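task: produce atomic coordinates for the following.
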Amino acid sequence: MSAVAEFLKSKEALGSWNLVPEQSTFGFANKSLWGLQTVSGRFTDVSGHGQISDTGEVTGELDIAAHSVDTGLRMRDRHLRSADFFKADRFPRIVVVVTAARPADDDTAEVEAFITVTGTTKPLPLKVTMRQLDDGTVSTSTRATINHDELGIRWNKLWMLSRKTTVSAEAVFRHEDPRSQRD
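Here you go, the predicted structure:
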């Protein structure tokens, strides 16, 4: 049995898990200027939680504030928040909902998820690396490529942008009350 499978079935994994925002990073990268430059950024306001049932079923949700986009350039960030991109005034949340996870190999799980951006929801299958840390938290890491056109982000003046955006997450989760699971 893989380490992920053992962990998901263990007593210590059962229950609610909360995202530790200060130890987590949610980013993106997109080729621009006809592929000559890559624009990278992150979201600075993210919350989330997960649940592991006694049968090892995993569910959860990440809530990302669209206004928290940060590329290091204020003018570009304002444009990304505008109606041309995230439409943050109308759709303030980007949401990722996890509906299932299955162990894939020793430290990896295949995760079924859905992402909602600008009011559009699409499947977001993920391969997530999981690692239990010494302090009892669990670190997860994933990267995926999405077609942002399919999520309602269609601005592309003079075809400057690639339709493909790489999204990444380095997320740490802490058990809601780990002491209660050790009794």
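
helices and strands of the protein: which one has the lowest mean pLDDT?
Lowest on mean pLDDT, DSSP states H and E among the helices and strands of the chain sits helix 178-181, with a mean of 49.

now do the contacts for residue 50.
By C-beta atoms under 8 Å, 6 or more residues apart in numbering, residue 50 lies in contact with 16, 17, 58, 59, 60, 61, 98, 173. For every residue, glycine as well, the C-beta is placed using N, CA and C.

which among those residues count as buried?
With neighbours counted by 16 or more other C-beta atoms under 10 Å, these contain buried members at 17, 58, 60, 61, 98, 173.

on that earlier part again, lowest-confidence one in the contacts of residue 50?
Lowest pLDDT of the contacts of residue 50: residue 58, 94.

check contacts around that one.
If you count contacts by C-beta under 8 Å, 6+ apart, residue 58 has them with 8, 50, 51, 52, 98, 100, 101, 109, 111.

about what we covered before: from the contacts of residue 50, which ones fall inside helices?
In helices, judged by DSSP state H, none of those are found.

tell me which stretches of the protein form helices.
Chain-ordered helices for the chain, with DSSP H as the definition, fall at 3-9, 74-81, 178-181.

out of those helices, the one nearest residue 147 is which?
Using C-beta to C-beta as the measure, helix 74-81 is the one of the helices of the chain that comes nearest residue 147, at 17.2 Å.

how about the closest one: buried residues?
Of all the residues in helix 74-81, those buried under the rule 16+ other C-beta under 10 Å are 76, 77, 79, 80, 81.

can you report how many residues lie near the closest residue to residue 108 other than its chain neighbours?
Nearest residue to residue 108, sequence neighbours excluded (C-beta to C-beta, 6 or more residues apart in numbering): residue 129, at 5.4 Å. Burial measure for residue 129: 17 neighbouring residues, criterion other C-beta atoms under 10 Å.
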